[in-house]
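Student: Okay, predicted coordinates and the sequence, questions at the end:
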Amino acid sequence: DQLLVSLAAARAGRLPAPVNAQMSTAEVRHVVSDCGASLVVRDVSELSSGKGSRAEPPPAERPDPADIAALFYTSGTTGKPKGAELSHRGLVGNLSAGALVPPVLRGHEILMGLPVAHIMGFVALLAPMISGVPVYFLDRFSASRVLDVIEERHVAAFIGVPAMYRMLLEAGAEDRDLTSVRFWMSGADVMPADVARRFKSFGSIASLPLVGALGEAAFVEGYGMVEVAGGVAAKVSPPILPLGLGDSLGFRLPGWKFRVVDEDGEVVRAGATGELEVSGPGVLKGYWGDESNSAAVLTPDGWLRTGDLVRSGPFGTVVFVGRVKNVVLTGGYTVYPVEVESDLEEHRDVLEAVVLGVPDARFGESVVAAVRLREGAQLTEDELKSWAESRMARYKAPRHIVFVDELPRTGTRKVQRAKLTGLFEHA
């Protein structure tokens with residue numbers, strides 16, 4: 001319903017601003033206030049009995065493709081959510097990827113439980129629609145429910161984010177019959193290669209009478225963000241072959257350009273690390289009512305500063321290194337949290353690790369980590385610190401580790417790193 005209402009509002013010349021049902025009341029109030037909403041629809045029943053909009057009637061002419069089509073609010077991992085102004089051309093242009101849907105999926109269901117108010121969920125629903133592929137949609141993600149649906153309905157593909165895949169493993173995915181899945185799909189965050197490999201093995205490339213499931217599934221990973229109205233790069237790890245996994249963002253989608261720049265905005269040499277900037281039809285026009293933040297992410301020549309650190313790879317690809325704002329500077333060394341997190345998660349007792357920097361009078365910043373352990377694990381902080389120091393440079397190894405039952409997350413399951421700093425006040 002939220003998807004259809006948003007499309008109808010955009011077609012009528014209005015600006016829909018969908019909000020995630022998992023947002024707190026304060027967060028929803030912020031969105032309503034920030035965008036100056038003239039109509040708030042809390043339930044689909046209000047469409048026939050509600051008060052209606054207080055705004056003037058929209059213009060009679062059809063919207064221009066370059067006009068703002070919708071406001072999608074950022075997930076709020078770096079502060080209060082900001083309304084990204086996305087154009088009709090940007091949203092529709094990214095849907096051309098729907099034409100790439102493999103023929104094997106036509107007539108078979110795709111399962112997903114992503115919030116429509118998030119750009120990934122919005123586009124992930126629209127792309128199958130224009131491709132004639134049915135979607136089994138869950139209003140709210142539940143790991144056990146996803147596994148049940150795959151077994152009961154024999155769905156051919158699942159779309160989720162890395163955190164969802166972790167939860168599926170915790171819910172016993174390896175003990176379930178997931179061989180109907182031909183494609184696993186992920187986005188919105190970095191997918192650990194070992195997790196992707198495991199899910200590939202759970203699926204299959206085909207099922208034959210009397211023979212059963214053959215081979216393994218493919219894994220498709222996209223890279224994008226709300227500021228580009230969807231995705232700008234993608235990679236595929238085909239069945240059997242150990243390709244398309246790891247930190248590479250994949251290949252640019254049609255219509256997009258990449259460049260990697262240093263702190264002065266100069267393009268870096270091949271193989272050097274810098275910030276990824278992208279240019280294409282989906283780049284936001286700006287943040288609603290926020291000129292300062294708009295200027296901070298858009299260069300004078302119209303490129304988007306992604307905030308992601310990358311280095312150039314082979315065949316025009318780029319390799320993800322970390323977030324600009326998540327880099328930890330300790331004792332003159334630069335530490336990229338994603339690298340430390342990957343190492344920590346190789347410990348058999350570690351389910352998930354989040355690494356960040358906290359102020360340190362001696363080193364500038366200290367590397368610390370919040371860690372979720374598997375159920376029943378007896379691992380101590382000193383044991384994990386010692387294990388980490390044996391696997392990585394000493395300046396990278398966390399100086400303090402806190403074990404947590406849950407990690408604070410946004411509605412799209414991204415970890416809110418800022419909320420973890422309080423755990424390390426003693427450090």
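Tutor: Received, thanks. Bear in mind the structure is a predicted one, so any value in this text is a computation, not a measurement.
Student: drop to CA atoms for contacts and neighbour counts, all remaining ones
Tutor: Will do.
Student: Distance from the helix or strand of the chain with the lowest mean pLDDT to the middle of the chain?
Tutor: Across the helices and strands of the chain, mean pLDDT, DSSP states H and E gives its lowest value to helix 46-49, namely a mean of 78. Offset of helix 46-49 from its chain centre (C-alpha atoms, centre = their mean, to the nearest Å): 33 Å.
Student: And stretch 409-423, by the same measure?
Tutor: Going by C-alpha atoms, centre = their mean, where stretch 409-423 is centred and where its chain is centred differ by 14 Å.
Student: Can I get that stretch as PDB, trimmed to CA atoms?
Tutor: Coordinates of each C-alpha in stretch 409-423 appear next as PDB, following Å, rounded to 0.1, in the frame of the first residue of the first chain:
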ATOM      1  CA  ARG A 409      20.300  -0.500  14.300                       C
ATOM      2  CA  THR A 410      18.300   1.700  11.900                       C
ATOM      3  CA  GLY A 411      15.100   0.500  10.300                       C
ATOM      4  CA  THR A 412      17.100  -1.000   7.500                       C
ATOM      5  CA  ARG A 413      19.300  -3.000  10.000                       C
ATOM      6  CA  LYS A 414      22.400  -0.800   9.600                       C
ATOM      7  CA  VAL A 415      24.400  -0.500  12.800                       C
ATOM      8  CA  GLN A 416      24.200   2.900  14.500                       C
ATOM      9  CA  ARG A 417      27.900   3.300  15.400                       C
ATOM     10  CA  ALA A 418      27.400   6.600  17.200                       C
ATOM     11  CA  LYS A 419      25.200   4.900  19.800                       C
ATOM     12  CA  LEU A 420      28.000   2.500  20.700                       C
ATOM     13  CA  THR A 421      30.600   5.000  21.800                       C
ATOM     14  CA  GLY A 422      29.000   5.200  25.300                       C
ATOM     15  CA  LEU A 423      30.000   1.600  25.900                       C
END
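Student: Return the set of buried residues in it.
Tutor: Buried positions in stretch 409-423, judged by neighbour count with 16 or more other C-alpha atoms under 10 Å: 409, 411, 412, 413, 414, 415, 416, 417, 420, 421.
Student: mind listing what the first one touches?
Tutor: When you say that, I think you mean residue 409. 415, 416 (C-alpha atoms under 8 Å, 6 or more residues apart in numbering).
Student: would you list every one of the strands in the stretch 51-200 of the chain?
Tutor: Here the stretch 51-200 of the chain has its strands, by DSSP state E, counting those that start in this stretch, at 68-73, 83-87, 110-112, 135-137, 157-160, 183-186.
Student: which SSE is residue 16 in?
Tutor: Per DSSP states H and E, residue 16 falls between elements, in no helix or strand.
Student: Which residues are in contact with it?
Tutor: Per C-alpha under 8 Å, 6+ apart, neighbours of residue 16: 6, 7, 9, 10, 69, 70, 71.
Student: ok, now residue 49?
Tutor: Counting by C-alpha under 8 Å, 6+ apart, residue 49 has no contacts.
Student: Look at residue 176 and say how many residues are nearby.
Tutor: Other residues near residue 176 come to 13 when the count uses other C-alpha atoms under 10 Å.
Student: do residue 202 as well
Tutor: Neighbours of residue 202 using other C-alpha under 10 Å come to 21.
Student: Hmm, it is touching residue 216, no?
Tutor: Yes. Residue 202 lies in contact with residue 216 (C-alpha atoms under 8 Å); the separation is 6.8 Å.
Student: Relative to residue 315, how far out is residue 248?
Tutor: 11 Å (C-alpha to C-alpha, to the nearest Å).
Student: same thing with residue 264?
Tutor: The value you get for residue 264 to residue 315, if C-alpha to C-alpha is used, is 26 Å.
Student: that older thread, top of the contacts of residue 16 by number of neighbours, please.
Tutor: Greatest neighbour count in the contacts of residue 16, by other C-alpha under 10 Å, goes to residue 69: 28 neighbours.
Student: Quick check: pLDDT value at that residue.
Tutor: What the model reports as pLDDT for residue 69 is 91.
Student: show me what contacts it?
Tutor: Neighbours of residue 69 in contact, by C-alpha under 8 Å, 6+ apart: 10, 13, 14, 15, 16, 85, 86, 87, 88, 91.
Student: Check residue 262 too.
Tutor: Counted by C-alpha under 8 Å, 6+ apart, residue 262 has contacts 268, 273, 274, 275.
Student: Tell me how many other residues surround the second one.
Tutor: This points to residue 273. 19.
Student: tell me which residues form a beta bridge with it?
Tutor: Beta-bridge partners of residue 273, counted by DSSP bridges, are residue 311.
Student: Would you check that it makes contact with residue 311?
Tutor: Yes. Shown here, residue 273 and residue 311 form a contact pair, counting by C-alpha under 8 Å, at 4.4 Å.
Student: Identify the contacts common to the two.
Tutor: 260, 321.
Student: Show me where the stretch 101-250 of the chain has its helices.
Tutor: 119-131, 143-153, 162-170, 193-202 (DSSP state H, counting those that start in this stretch).
Student: Nearest to residue 244, out of those helices?
Tutor: For the helices of the stretch 101-250 of the chain, proximity to residue 244 was assessed by C-alpha to C-alpha; helix 193-202 is nearest, at 9.1 Å.
Student: Need the per-residue pLDDT for residue 206.
Tutor: pLDDT for residue 206: 86.
Student: What is the burial count for the nearest residue to it once chain neighbours are set aside?
Tutor: Spatial nearest neighbour of residue 206, chain neighbours left out: residue 214 (5.4 Å); criterion: C-alpha to C-alpha, 6 or more residues apart in numbering. Neighbours of residue 214 under the rule other C-alpha under 10 Å: 13.
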